[in-house]
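Peer 1: Here is my input, please return the structure:
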Amino acid sequence: MQAWKEYQSDNKDRFLDELLDLLRIPSVSADSKYKEDVARCAEAVKEHMLKAGCDSAEVCPTAGHPIVFGQKIVDPSLPTILVYGHYDVQPADPLNLWTSGPFEPVIKDGKIYARGACDDKGQMFMHIKALEVMAKTNSLPCNVKIMIEGEEEVGSNNLGIFLEANKERLKADVVLVSDTSMISMEHPSIESGLRGLSYMEVEVTGPNRDLHSGVYGGAVANPATILCKMIASMHDENNHITIPGFYDKVQELTDAERAAINSAPFDLTEYKEELGVKEIWGEKGYTTLERTGIRPTLEVNGIWSGYIGEGAKTVLPSKANAKISMRLVPNQGSDEITELFTKHFNSIAPDYVTVKVSAHHGGEAVVTPTDSPAYKAAAKAIQTTFGKDPIPTRGGGSIPIVALFEKTLGLKTVLLGFGLDNDNIHSPNEKYDVFNYYKGIETIPYFHKYFAESFGQ
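Peer 2: Numbers count the residues shown, from 1 in each chain. This next block holds a predicted model:
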């Protein structure tokens with residue numbers, strides 16, 4: 001489609017500048033001090049939708065941060081694609097590890113450095129620009145609805161309520177999401193599955209106040225020490241999770257399925273060098289690709305206790321806390337795993353401390369069909385712009401709303417991501433290649449074209 005290519009080429013500098021402006025808005029959903037910035041970002045997304053060609057767009061209030069919804073209806077008889085993304089971002093901490101301001105985007109070596117560059121402003125904005133390319137060249141082959149939320153990074157707590165209340169407005173034939181990654185630009189891929197999530201917070205309390213570690217040390221249990229022992233006990237010598245019942249519903253893949261996963265290009269030496277580790281770690285009996293795609297995990301995301309300020313303070317802390325996430329695979333229900341974790345953590349607490357377990361949020365694992373018209377349209381779109389067929393992969397991350405879309409709206413999802421695993425999402429110096437951004441804008445219109453054509457066959 002020559003008109004698409006010419007329009008994108010003529011406007012690519014503006015497309016990039018507009019993304020940089022969006023990245024300057026610190027839309028951190030987890031921190032209440034950024035509430036006004038989150039709202040400002042929602043308004044900006046709405047305006048971009050309208051300028052791109054949406055017939056209508058609005059900021060929809062929720063009990064938390066707003067959802068932005070826009071649509072372009074060409075012909076009700078044509079298929080409809082529902083695009084999902086999020087404009088909220090992770091906190092930028094620790095700030096001292098950034099080489100440039102997290103909300104002061106810079107381009108170095110062809111990469112955009114900023115919080116949200118890849119997750120998910122850069123990727124969701126590709127869809128708004130792709131819509132503009134099609135709308136402004138009068139070549140949109142289907143109807144498009146776009147829903148961009150502001151709470152993905154804190155569990156999408158209000159999205160389910162919005163879906164239930166807007167089923168008619170959200171009617172579509174497929175959901176299209178770009179919040180995932182490819183193996184590389186040389187080896188394009190499509191994620192055909194995502195892990196679920198159970199995110200917990202635990203608190204261990206010992207004495208009723210912080211104590212002098214010289215006067216009381218050795219006589220009173222230190223909650224920090226006890227918490228570390230409790231967490232360490234949750235993996236055995238084979239790095240197998242020890243929570244009773246945790247693996248009961250985990251399905252083992254066949255040898256052929258495991259071989260297919262391990263056929264993806266992967267260099268273990270490069271992997272270790274890029275991460276700066278001497279050796280890998282994980283569940284015995286599985287490869288790195290299996291450990292990060294088809295096996296459940298338990299990880300400590302944060303741990304704190306006692307005095308962590310400058311200098312020394314000899315204190316025996318009263319409390320110790322940790323945030324723990326468990327990535328889940330199909331058939332592991334997040335509510336059930338949350339219950340199993342809670343029961344187990346309480347059961348292993350010694351009498352000299354008390355514990356409190358709180359659940360933050362969760363979501364279900366999903367596997368998307370690779371033989372559907374939507375997946376085939378995505379594969380054909382990638383083949384068109386990359387010149388090679390994509391490799392199906394399993395994603396290690398979680399997008400809880402994918403299962404929610406199927407449950408509430410009855411819609412399957414296509415995960416057409418253009419990020420890379422080393423884009424530092426959720427970490428300092430998050431980045432997104434300018435090439436990937438433009439490649440997404442180039443590829444997405446072909447998905448619309450091929451998906452629309454599949455309805456006429």
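
Peer 1: Helices of the stretch 151-300 of the chain, start to end?
Peer 2: Using DSSP state H, counting those that start in this stretch, the helices assigned to the stretch 151-300 of the chain run over residues 159-165, 213-216, 223-232, 255-262, 268-275, 288-291.

Peer 1: contact partners of the fifth one?
Peer 2: Outside of helix 268-275, the residues that reach it under the criterion C-beta atoms under 8 Å, 6 or more residues apart in numbering are 278-280, 288, 422. Where C-beta positions appear, they are placed from N, C-alpha and C, glycine not excepted.

Peer 1: so how far is it from its chain's centroid?
Peer 2: Relative to the chain's own centre, helix 268-275 is displaced by 22 Å; criterion: C-alpha atoms, centre = their mean, to the nearest Å.

Peer 1: and what of the fourth one?
Peer 2: Relative to its parent chain, helix 255-262 has a centroid offset of 25 Å by C-alpha atoms, centre = their mean.

Peer 1: ok, and for that helix, which residues are buried?
Peer 2: For helix 255-262, burial by neighbour count (16 or more other C-beta atoms under 10 Å) applies to 258, 261.

Peer 1: for the fifth one, same thing?
Peer 2: Neighbour-count burial for helix 268-275, with 16+ other C-beta under 10 Å as criterion, is recorded at no position.

Peer 1: export that helix as CSV, just CAs?
Peer 2: Presented in CSV, the C-alpha positions along helix 268-275 are these (Å, rounded to 0.1, in the frame of the first residue of the first chain):
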residue,chain,number,x,y,z
LEU,A,268,22.9,-18.5,26.5
THR,A,269,26.3,-16.9,26.5
GLU,A,270,25.0,-13.6,25.1
TYR,A,271,22.1,-13.8,27.6
LYS,A,272,24.4,-14.0,30.6
GLU,A,273,26.8,-11.3,29.2
GLU,A,274,23.9,-8.9,28.6
LEU,A,275,22.6,-9.4,32.2
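
Peer 1: Now do P350: how many residues are near it, please.
Peer 2: If you count neighbours by other C-beta atoms under 10 Å, P350 ends up with 11.

Peer 1: What's the separation between it and C41?
Peer 2: Distance, P350 to C41, by C-beta to C-beta, to the nearest Å: 47 Å.

Peer 1: same deal with T180?
Peer 2: Distance from T180 to C41, counting by C-beta to C-beta: 22 Å.

Peer 1: more crowded one of these two?
Peer 2: C41 (29 against 22).

Peer 1: so which of the contacts of helix 268-275 is the most crowded?
Peer 2: Neighbour counts for those, by other C-beta under 10 Å, peak at T288, which reaches 15 neighbours.

Peer 1: Isn't that residue up against N262?
Peer 2: No. Taking contacts as C-beta atoms under 8 Å, T288 lies outside contact range of N262: 9.2 Å.

Peer 1: which one is I425 nearest to, not counting chain neighbours?
Peer 2: Excluding its sequence neighbours, the residue lying closest to I425 (C-beta to C-beta, 6 or more residues apart in numbering) is D119, at 3.9 Å.
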